[in-house]
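Build me a structure from this.
(one chain, ligands or ions: 2)
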Amino acid sequence: MPETRKPTPVKAPLLEVRDLKTWFPIKRGLFSITDGYVRAVDGISFVLDRNETLGLVGESGCGKTTLGRTLLGLEQATAGDIVFDGVSIPTLGRRQMNRLRRHIQVVFQDPLSSLNPRMNVMDIVTEGLVQFGMVEGSKQEHAARLLGEVGMNRDAIYRWPHEFSGGQRQRISIARALSLKPDLIICDEAVSALDVSVQAQVINLFLKLQKDHRLSYLFISHDLSVVSNIADRVAVMYLGQIVEFGNTADIVRNPLHPYTRALIAAVPVAGGKHIASDAVRGEPPSPASPPEGCRFHPRCPEVMPVCRHTAPNVMEKDGHQVMCHLYSQA
Ligand SMILES: Nc1ncnc2c1ncn2[C@@H]1O[C@H](COP(=O)(O)OP(=O)(O)OP(=O)(O)O)[C@@H](O)[C@H]1O
Ligand SMILES: [Mg+2]
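Residues are numbered from 1 along each chain as shown. Ligands and ions are numbered 1, 2, ... in the order given. Model prediction:
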């Protein structure tokens, strides 16, 4: 008799973003008439699994923070869908969104401005627990445990943010993000302000915490060399869109999009390649009036006639997804 097998249930990814757009209206004149839109995020799709790190790289102004803020519910999506753990975020009411917020936390670049200077470390790291009524036992014990997780001594609990170094302050921000046992942490330039040696320590801490707690990270940085040290996969963003997506090692070894290639230049990274973040010629155009055709064409060293009038589709090539006419005929 033939064996009848039940199909294995396919586990949904932690996060699925579908054709997401976040546009900001440009208001003009006495009557604040909308006169166009800044298309900060303009049709982005990706999937993030549990226990996975997705790196998001691109120049200043390409929409990285806006994407992160939209995922956090801090900006309203103009179109598209964000499905987190099977729930569509844009359809949620304020109360449901607040409940979900516990599962998505954020670590910003500048801990000094994101940590309240009038709160001591204990209150900072337990603030969320108090808000969600999750303090069992003493706040001191919760704070000491959280500080232990990020490699800090419990003596720190009665001290103030300004008493710490940049790296220690970032550890405090991470302890705060961890307090609510999130599934996803959005790290927005979380190590960009730190010295290289401290950067490496904080990245190692992120890696350890991921292992201990099965965390997923969206790791945002303008610097591909930083991202390549932590991300499983990388999305390269240009003017509100993802132009290349793939496994980190593949992207670093075999970048396909001329923009990704242009990001690769003079700084050593894991894997032997050299990457710099400021190696692209010229300034990016405004996201309020992106160029016709391929958005990168005015700066592209390999521009072809088709690029000037027709936007490329996303194509599969060498296991990457790439949005470029160079691969249209392949
Ligand atoms: N609230 C807002 N209102 C209008 N425009 C905005 C708003 N927030 C961001 N923008 C614009 O959206 C675009 C993307 O900005 P965003 O901060 O997301 O970029 P970024 O990739 O994070 O840049 P950086 O690397 O400098 O942090 C920019 O042109 C920015 O000026
Ligand atoms: Mg930003």
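
Could you verify that Val38 is part of a strand?
Yes. Counting by DSSP: H, G, I helix; E, B strand; the rest coil, Val38 is located in a strand.

I'd assumed Thr22 was in contact with it.
No. Contact between Val38 and Thr22 fails when scored by CB atoms under 8 Å: they sit 9.2 Å apart. To be clear about C-beta, it is placed using only N, CA and C from the backbone, and glycine gets the same treatment.

neighbour-wise, which of these two wins?
Remark: of Val38 and Thr22, Thr22 carries more neighbours, 24 against 19, as counted by other CB atoms under 10 Å.

Regarding that one, which helix or strand does it belong to?
Using DSSP states H and E, Thr22 sits in strand 15-28.

Does that strand pack against any helices or strands, and if so which?
With contacts defined as 3 or more CB pairs under 8 Å, 6 or more residues apart in numbering; DSSP states H and E, strand 15-28 has these neighbours: strand 33-48, helix 64-71, strand 79-84.

TSV for these, including distance to ligand 1?
Converted to TSV, the helices and strands packed on strand 15-28 look like this (distance: least, CB to the nearest ligand atom, whole Å):
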stretch	distance to ligand 1
strand 33-48	3
helix 64-71	3
strand 79-84	16
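
need the ones you listed in TSV with distance to Arg95, can you?
Shown next, in TSV, are the helices and strands packed on strand 15-28 (distance: least, CB to CB, whole Å):
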stretch	distance to Arg95
strand 33-48	25
helix 64-71	19
strand 79-84	16
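
If you drop the residues flanking it in sequence, what lies closest to Ile157?
Distances taken as CB to CB, 6 or more residues apart in numbering put Met122 closest to Ile157, at 4.0 Å, once the chain neighbours are dropped.

what's the distance between that neighbour and Asn254?
Distance, Met122 to Asn254, by CB to CB, to the nearest Å: 48 Å.

before we move on, the earlier item: does the strand holding Thr22 come close to ligand 1?
Yes. Using CB under 6 Å from any ligand atom, strand 15-28 reaches ligand 1 at Phe24.

Kindly report the same for stretch 280-289.
Yes. Counting by CB under 6 Å from any ligand atom, contacts between stretch 280-289 and ligand 1 involve Pro287.

do the same with stretch 224-237
No. Applying CB under 6 Å from any ligand atom, one finds stretch 224-237 separated from ligand 1 by no less than 7.1 Å.

List the contacts of Val17.
Neighbouring residues of Val17 by CB atoms under 8 Å, 6 or more residues apart in numbering: 44-47, 71, 80-83.

again, but for Ser60
Counting by CB under 8 Å, 6+ apart, Ser60 has contacts His222.

end-to-end on stretch 312-322?
Criterion CA to CA, to the nearest Å; first-to-last residue distance in stretch 312-322 is 9 Å.

how about the helices in the stretch 51-200 of the chain?
Counting by DSSP state H, counting those that start in this stretch, the stretch 51-200 of the chain has helices at residues 64-71, 94-101, 111-114, 121-131, 139-149, 166-178, 196-213.

buried sites along the first one?
If you call a residue buried by 16 or more other CB atoms under 10 Å, then helix 64-71 has these buried ones: 64-71.

same question, the fifth one
Of the residues in helix 139-149, those buried by neighbour count under the rule 16+ other CB under 10 Å are 139, 142-144, 146-147, 149.

Keep the residues you listed, but drop any that are not near ligand 1.
Among the buried residues of helix 139-149, no residue is within reach of ligand 1 (CB under 6 Å from any ligand atom).

ok, the closest residue to Leu20 other than its chain neighbours - contacts?
Excluding the flanking residues, the one nearest Leu20 by CB to CB, 6+ apart is Gly80, at 3.7 Å. Shown in contact with Gly80 (CB under 8 Å, 6+ apart): 17-21, 43-45, 90.
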